[in-house]
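*Asks:* Predicted model follows, preceded by the sequence.
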Amino acid sequence: MLRKLNQTDRRKRRVRADLKHNAGGKPRLSVHRSSKHIYAQLIDDAQGRTVAAASSLEKELKGKLKTGANLDAAKEVGKLIASRAAAKGIKAVVFDRGGYMYHGRIKALADAAREGGLAF
């Protein structure tokens, strides 16, 4: 039985389909945010596996951050995912905002990842 997709799921599928079509073999930087934390993953869609991941739940970030749900946390996660990508030799990615508006924490994470050396 097919379930009716809500607006967020439809937007997420639309964004992701465009990215996969136009990625050109680059890994996808996927972002998820919840009310308490923010997560980022580098995903190789050709092989279907996660190359690197970072989140505001990690021990090295928990000591620095007051909460995982603000702009400072998003910036730190962006820097961390960029450094892990550089360690794996990844310089160019496509940014998957996951149906979220490119605003606030999502934009802060993307800007910090760019400053860390990722190109998208």
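*Replies:* Sure, I can see it.
*Asks:* Let me see the ranges of the strands in this structure.
*Replies:* According to DSSP state E, the chain carries its strands in the segments 28-33, 38-44, 49-55, 94-96.
*Asks:* Asn70 is nearest to which of those?
*Replies:* Taking C-beta to C-beta, strand 38-44 is the member of those nearest to Asn70, at 9.1 Å. C-beta: built from backbone N, CA, C; applies to glycine.
*Asks:* Give me the helices and strands touching the closest one, please.
*Replies:* Packed against strand 38-44 by the contact rule (3 or more C-beta pairs under 8 Å, 6 or more residues apart in numbering; DSSP states H and E) you find strand 28-33, strand 49-55, helix 71-87, helix 105-115.
*Asks:* try it again with 6 Å
*Replies:* If contacts are counted by 3 or more C-beta pairs under 6 Å, 6 or more residues apart in numbering; DSSP states H and E, strand 38-44 sits against strand 28-33, strand 49-55, helix 71-87.
*Asks:* could you list every residue that touches the most centrally placed residue in the chain?
*Replies:* Ranked by distance to the mean C-alpha position of the chain (C-alpha atoms, centre = their mean), the top residue is Val31 at 2.8 Å. Counting by C-beta atoms under 6 Å, 6 or more residues apart in numbering, Val31 touches Ala40, Gly98, Ile106, Leu109.
*Asks:* hmm, back to that, Lys79: which of the strands of the chain is closest?
*Replies:* Evaluated with C-beta to C-beta, those place strand 49-55 nearest to Lys79, the distance being 8.7 Å.
*Asks:* What are the buried residues along the closest one?
*Replies:* Val51, Ala52, Ala53, Ala54, Ser55 (16 or more other C-beta atoms under 10 Å).
*Asks:* Stretch 7-27 now?
*Replies:* Arg11, Lys12, Val15, Arg16, Leu19, Ala23, Lys26, Pro27.
*Asks:* Report the separation between the fifth one and Ser34.
*Replies:* When you say that, I think you mean Leu19. Note on Leu19: its distance to Ser34, by C-beta to C-beta, to the nearest Å, is 21 Å.
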